[in-house]
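Engineer: Okay, sequence plus prediction incoming.
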Amino acid sequence: MKKQLLYVLALITFIGVMSFTLQVDRWKAPEGAKDNKNPISTSKRSESALRGARIFKTRCMVCHGKQGKGDGIGGKALTPKPQNLTLGMVQSQTDGEIFWKITNGRNDMIKWGPILSNEQRWDVVNYVRTLGK
């Protein structure tokens, strides 16, 4: 009986640790954010993404990491951990949802709306899109 109880407790602990380390996107942008269309034309998004990469490097990389995997040194002590931006759960969001999250921040993530211009935030959105490739 004791062995079974220890086994069950070990299993529960393992499951708890694994579910804590898996990134689950529980941060939902409001429904209206989905409809916010990217104002940067498709033909100019590569250029925009390059500008976004520079912004990401100076503003976001410390927490999200060099490749956007949520493993930056500044994010080590944060709970929840910075999101891995390369994952399908991020890349499947609309540009408007990502823009809304950059604009509004959450928890320890800075609210970039008052700091970066609309164009700069769209540049970051366009850069985030390159991380999923």
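Structural biologist: Done, it's in. Numbers count the residues shown, from 1 in each chain.
Engineer: pLDDT weak spots in the protein?
Structural biologist: For the chain, the stretches with pLDDT under 70 are 1-25.
Engineer: Just give me the residue right at the centre of it.
Structural biologist: The structure's the chain has its C-alpha centroid closest to Q83; by CA atoms, centre = their mean the separation is 3.8 Å.
Engineer: so who does the closest residue in space to that one that isn't next to it in sequence touch?
Structural biologist: Excluding the flanking residues, the one nearest Q83 by CB to CB, 6 or more residues apart in numbering is G70, at 5.4 Å. Bear in mind the C-beta positions are built from the backbone N, C-alpha and C, glycine included. Taking CB atoms under 8 Å, 6 or more residues apart in numbering as the contact definition, G70 lies against 23, 63-64, 81-85.
Engineer: if we go to 10 Å?
Structural biologist: For G70, the residues meeting the contact criterion (CB atoms under 10 Å, 6 or more residues apart in numbering) are 23, 63-64, 78, 80-87, 90.
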